[in-house]
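A.B. asks: can't give you the sequence, but here's the structure:
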C-alpha cells in the first residue's frame, strides 16, 4: 500500500454559524452527547480520514449570533479527544489548545498523555486565541504581537519538555529494582521572557516523539510560526492561485528554517455539500442557507472583521462598500484580511458575501461526488494543497454523503488511501518520527 | 435497593513507593498502557465501588526514590478519566487538579465537559499542590497560606462558572431558530484578589449541577476548605479515636458553614493486603516489603517530613529519635504531622516506622476478607468513617483479592451496596443535586 496522495482532515463542528441543528432530522442535544461524536469519529475512520480536528475557544461570543447556534458552547477538546481515542484505532485526534491562556507544562503533559493513550495519534492545534482575556485576569485581550511571541516560546518549552526522557529511560528492571535510568533524564532549565520551566515532564516521551503540530495562523507572524513548527497547516483560500502562493510562501519559509518542504502539509478548508445530482446538492445547500438568520450573521461578521459599517443594515442586494484601508489592530488579522480581500476582489452584494462567508471564509463546494473530486484533484495537482480540511456542519448526513460519495470517488482515482498505511498519525501523514534532541 | 452504608472509593496507583511492579506477575509498562487502567476500572465497577480516584502532581520528584518506582511519572488524570468514562457506566471518576498551577476557567470547563461525557460521574479532587513551582515560573513554591487563600477563591470562581447557565437555557427550538435563551445566562463578573473572571462558561451546566468536590487537606486551612466545600474528604488516620475526632471536627465545621453533616463524607485511606488465611496475607505483604529499597525510601521520608536527621543513616532496629518541636514551614503540614505524631505516639524503631509508612501513612490492613471486613465495620460503626479510600498498589491481583473477597463479605453483612442505586456519582454517594445559585 503506497502513501495516500491527498490528505483529508475533518473539522467538526464546522461552519461559523451552522444552522444544521434546525433540520428536522438533526438530533437534539448533540453538542452535549458523546454518542454524536462517537458516530462521527467511527464514520470518518471507516472513510479513512487521516485526522479529526476540534477547534476551540475560551469564551462565549456574546454577539448578535449568540442565540442562534451552539458555536461557542462546546466541550473541551482535550476531554473529548481521549474519549474518542478509546472508540477508534487509526484516525488522528487533533485538539486545539491556546498558548495564551495555558501553562506550557500542563499542555505538554496533556498531549503526551493523549499520545500514549491513543498509541501515537495525538495532534496539537496550536492557537494564540482570538479572545477570552476577560476570563483570565486580563481586561483587554493580549495584543496580537505579544501573543505570537509568547506562542513561539510556549512551543519551545512544550517541545523541550517532550524530550525530557530518552525513549528507553524507563528500564523497569525487576531484578535490580531500577525502574528508570536517571542518566536518560534531561532537565529543561528553560529561562525565557515568558516562561521559566525546569522540567522534567512527568510523562514518558510521546509515542510519536512529539505529537503532530497543527497551526492555522495566516497573519505574517502566524505564517512564520507555522513555517517554523507547523506540520499540518490549516488555511482559508478562495482561489487556486492564492492557495498556490500561500503554499509556496509557507513552504519556502520552512526551508529557510532548515526544514524539508515535505514536512509540513498545507490543507485549505472546504465546506462540501454533496448530492447525487448538482440540482440535489444545490437544494441541500439552499435548505441550510434558509435556516440561517442573515441579520445576526451579518452583524457578527461586521464586528469580527472590524468593518466601519454594519452589513446587516444594508439592503441585501446592494454592493458591499469597500472596507477601511488599514486593518484594525485589535481584531484577528487573518480573518479580517480574508473578508477585506473578498470584498475588494469580488465586489459582492451583501447576499453574495453572506453566501461566501457562511462557511467561515472557506470554499463551499456544492456538487456531485465527481464534480467535488474534480475540484480537489485540480487543487492538489496544481500544487495548491497537500490535502483538505473538510469542514462539516456537524450533521451526520453531511458526513455520510462525503464519506460514502466523495471518498470512494477519490479512491477510484488513486488519489486517496484505501487503508491506513501506518500505525501513528505521523506515519499516516508521511511525517517523520521526531527524535529526541538529546540523542 | 436502599442506599449503601459504607462508601468505597479506590485510589490507583496507590502507595507512596509501590514495589508491586517488581513482582514477576506484574505487567510491564502498565504506567503507559490504557488496558491496565481499563482492567482496573471494569473490575472496580463489577465490585460496585463508588468511585475511582486519581491523584496527581505537576513535577517529577528528583529525590532518592526517583529510580525506584513510577510514582511521580504518570498520565494527566484529566486525560485518563474521559477515556475511562467510555468503558464504564456507573463508577465515579475523580480526577485531581491543582488550584495553584491552573486557571479556574480551564478547570471549570474540563470538569463540566467530563461530567457531560460521563453522564454525571465526574469529581474534582481539589489540591493546592505540594510542589512544582519550578515548572510554572516560580522560583520557590508558593507559601502554604497563599496557596489556600488562592484555592478558596479558585473554588468560588469554578463553582460560579458552573452556574453560568440555567439547566433549561439550551432550548434548541428548531422552528424559531432559537438555540439558547440568553435570559438564562448569568455572567459571573468575579473581581477578586487572585482572579478576575467575567464568564459565562462555554459549556452547559454539568449533569450533577456541580461535579462532586473531593478534598484531602489535613492542615488547619485544608480542613477549613474541606468543611466549606468538600463532599468527599480523604484523610490519613491511624486510630479509630483519632479518626473519630477528625470526623467530628470537620463535620462540626461544615455545620458552622451552614451545611448538613451528611453532605460531606469522610473516607480514611486503607491499604489492604488480602489472603485466604492470615498467614497467606502476611506472606503477600512480606513479599512486597522485601522488594522495596529501604534506604531510598527512608531518605525520602526524612526529606518530605523535614526531619533534622536522615532515617536511612540510623541502624534499622534503633528507636527513632524524637522529631523537632516545631513544624517546618516549607513542608507539607499534614504529611509532616502524620510522621511526627506517629514517632511521638508509638516510639517505633526505624523498621517499624518503615513498615507503617510504606502505605503513605495510611493503615495497612493485612488479613482475610472476614478480618478486614471486621475492621472496616468497626470504624464505620464507631463513627470514625463514612467509608474508605482503598489505596491499591496498582497491581491487578491486589484489586482482584479485595473485590472478590472483601466486597462480598461486606455485602453479606448488609454494609455495602450490591447494585448502584443512582444514575450519577452524587446519587450513589447520597449527596444532593447542586441547584443553580441563580434559581
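C.D. replies: All right, it came through fine. Since the model is a prediction, treat every value here as computed from it, not as a measurement. Numbers count the residues shown, from 1 in each chain, chains lettered A, B, ... in the order given.
A.B. asks: how distant is whichever helix in chain A runs longest from the center of its chain?
C.D. replies: Secondary structure assigned by DSSP state H gives helix A:144-162 as the longest helix of chain A. With C-alpha atoms, centre = their mean, to the nearest Å as the basis, helix A:144-162 stands 18 Å off its chain's centre.
A.B. asks: Next, the buried residues of that helix.
C.D. replies: Residues A:144, A:147-162 are the ones in helix A:144-162 that count as buried (16 or more other C-beta atoms under 10 Å in any protein chain shown). (Glycine included, C-beta is placed from N, CA and C.)
A.B. asks: can you pull the contacts of the closest residue to chain B within the stretch 201-350 of chain A?
C.D. replies: Of all residues in the stretch 201-350 of chain A, residue A:202 sits closest to chain B, at 4.8 Å by C-beta to the nearest C-beta. By C-beta atoms under 8 Å, 6 or more residues apart in numbering or on different chains, the contact list for residue A:202 reads A:109, B:57-60, B:72-74.
A.B. asks: if we go to 7 Å?
C.D. replies: Residue A:202 sits next to A:109, B:57, B:59-60, B:72-74 when contact means C-beta atoms under 7 Å, 6 or more residues apart in numbering or on different chains.
A.B. asks: Can you pick out the ones from those residues that are in helices?
C.D. replies: The helices, defined by DSSP H, take in residue A:109 from the contacts of residue A:202.
A.B. asks: ok, so of the contacts of residue A:202, who is nearest residue B:127?
C.D. replies: Nearest to residue B:127 among the contacts of residue A:202: residue B:57, at 8.6 Å, using C-beta to C-beta.
A.B. asks: Could you look up the SS state of the residue of the stretch 201-350 of chain A closest to chain B?
C.D. replies: coil (DSSP: H, G, I helix; E, B strand; the rest coil).
A.B. asks: Output the below-cut-off pLDDT ranges for the stretch 201-350 of chain A.
C.D. replies: Applying pLDDT under 70 to the stretch 201-350 of chain A flags residues A:327-334.
A.B. asks: Quick check: residues of it near chain B?
C.D. replies: The stretch 201-350 of chain A comes close to chain B at residues A:202-204, A:291, A:293, as judged by C-beta under 7 Å from any C-beta of the partner chain.
A.B. asks: For the residues you listed, work out which two are farthest apart.
C.D. replies: Using C-beta to C-beta, those span at most 49.5 Å, a distance reached by A:204 and A:293.
A.B. asks: coming back round to it: near chain B too, which of the buried residues of helix A:144-162?
C.D. replies: Counting by C-beta under 7 Å from any C-beta, no member of the buried residues of helix A:144-162 is near chain B.
A.B. asks: out of everything not next to it in sequence, what's closest to the closest residue to chain B within the stretch 151-300 of chain A?
C.D. replies: As assessed by C-beta to the nearest C-beta, chain B sits closest to residue A:198 within the stretch 151-300 of chain A, at 4.0 Å. The shortest distance from residue A:198 to any residue other than its chain neighbours is 4.0 Å, reached at residue B:134 (C-beta to C-beta, 6 or more residues apart in numbering or on different chains).
A.B. asks: Let me see the ranges of the strands in the stretch 151-300 of chain A.
C.D. replies: Remark: strands assigned in the stretch 151-300 of chain A by DSSP state E, counting those that start in this stretch are A:190-191, A:196-197, A:212-215, A:232-235, A:265-274.
A.B. asks: Could you dump the ones you listed into TSV with mean neighbour count added?
C.D. replies: As requested, the strands of the stretch 151-300 of chain A are exported to TSV (neighbours: other C-beta atoms under 10 Å in any protein chain shown):
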stretch	mean neighbour count
strand A:190-191	14
strand A:196-197	21
strand A:212-215	27
strand A:232-235	27
strand A:265-274	25
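A.B. asks: I'd like those written out as a markdown table, with distance to residue A:344 added.
C.D. replies: What follows is these, written out as a markdown table (distance: least, C-beta to C-beta, whole Å):
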| stretch | distance to residue A:344 |
| --- | --- |
| strand A:190-191 | 43 |
| strand A:196-197 | 44 |
| strand A:212-215 | 26 |
| strand A:232-235 | 19 |
| strand A:265-274 | 20 |
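A.B. asks: closest to residue A:341 out of these?
C.D. replies: strand A:232-235 (13.0 Å).
A.B. asks: List the strands paired with the closest one, with their directions.
C.D. replies: Paired with strand A:232-235 in the same sheet, following DSSP bridges, are strand A:212-215 (parallel), strand A:265-274 (parallel).
A.B. asks: contacting residues around the shortest one?
C.D. replies: With C-beta under 7 Å, 6+ apart as the test, strand A:212-215 has contacts from A:53, A:92, A:94, A:123-126, A:225-226, A:229-234, A:425-426, A:429, A:431.
A.B. asks: what about it, distance to the chain center?
C.D. replies: Here the centre of strand A:212-215 is set off from its chain's centre by 8 Å, with C-alpha atoms, centre = their mean.
A.B. asks: Helices along chain A, start to end?
C.D. replies: Using DSSP H, the helices of chain A run over residues A:34-46, A:77-85, A:104-117, A:144-162, A:220-229, A:240-256, A:278-290, A:294-304, A:333-346, A:350-357, A:369-381, A:396-401, A:407-412, A:425-429.
A.B. asks: Let me have these in TSV, adding distance to residue B:337 as columns.
C.D. replies: Formatted as TSV, the helices of chain A follow (distance: least, C-beta to C-beta, whole Å):
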stretch	distance to residue B:337
helix A:34-46	43
helix A:77-85	36
helix A:104-117	29
helix A:144-162	34
helix A:220-229	47
helix A:240-256	57
helix A:278-290	64
helix A:294-304	55
helix A:333-346	55
helix A:350-357	62
helix A:369-381	66
helix A:396-401	57
helix A:407-412	63
helix A:425-429	48
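A.B. asks: quick one: residue A:233 and residue A:261 touch, right?
C.D. replies: No: at 11.7 Å, residue A:233 and residue A:261 do not qualify as touching, with contact defined as C-beta atoms under 7 Å.
A.B. asks: neighbour count winner among residue A:204 and residue A:293?
C.D. replies: Using other C-beta atoms under 10 Å in any protein chain shown as the criterion, residue A:204 and residue A:293 rank with residue A:204 on top: 25 against 20.
A.B. asks: which ones are touching residue A:420?
C.D. replies: If a contact means C-beta under 7 Å, 6+ apart, then residue A:420 has A:48, A:90, A:428 as its contacts.
A.B. asks: so what's the backbone phi/psi at the second one?
C.D. replies: When read as degrees, to the nearest 10, the backbone of residue A:90 gives phi -120, psi -40.
A.B. asks: Tally up the residues packed near residue A:57, please.
C.D. replies: By other C-beta under 10 Å, the residues close to residue A:57 number 19.
A.B. asks: Tell me if I'm right that it and residue A:73 touch.
C.D. replies: No: if you go by C-beta under 7 Å, residue A:57 and residue A:73 don't touch, sitting 9.9 Å apart.
A.B. asks: circling back: which of the strands of the stretch 151-300 of chain A sits closest to residue B:138?
C.D. replies: For those, proximity to residue B:138 was assessed by C-beta to C-beta; strand A:196-197 is nearest, at 7.9 Å.
A.B. asks: So in that sheet, which strands flank that closest one, and in what orientation?
C.D. replies: Here strand A:196-197 has these sheet partners by DSSP bridges: strand A:190-191 (antiparallel).
A.B. asks: Distance check, the closest residue to residue A:167 other than its chain neighbours against residue A:437.
C.D. replies: Among residues not flanking residue A:167 along the chain, residue A:205 sits closest, at 5.5 Å (C-beta to C-beta, 6+ apart). In this view, residue A:205 and residue A:437 are 11 Å apart by C-beta to C-beta, to the nearest Å.
A.B. asks: quick one: which of the residues of the stretch 201-350 of chain A next to chain B is nearest to residue B:81?
C.D. replies: Residue B:81 has its nearest neighbour among those in residue A:203, at 15.4 Å by C-beta to C-beta.
A.B. asks: wait, what's in contact with residue A:348?
C.D. replies: Residue A:348 is in contact with A:320, A:356, counting by C-beta under 7 Å, 6+ apart.
A.B. asks: I am finished for the moment; much appreciated.
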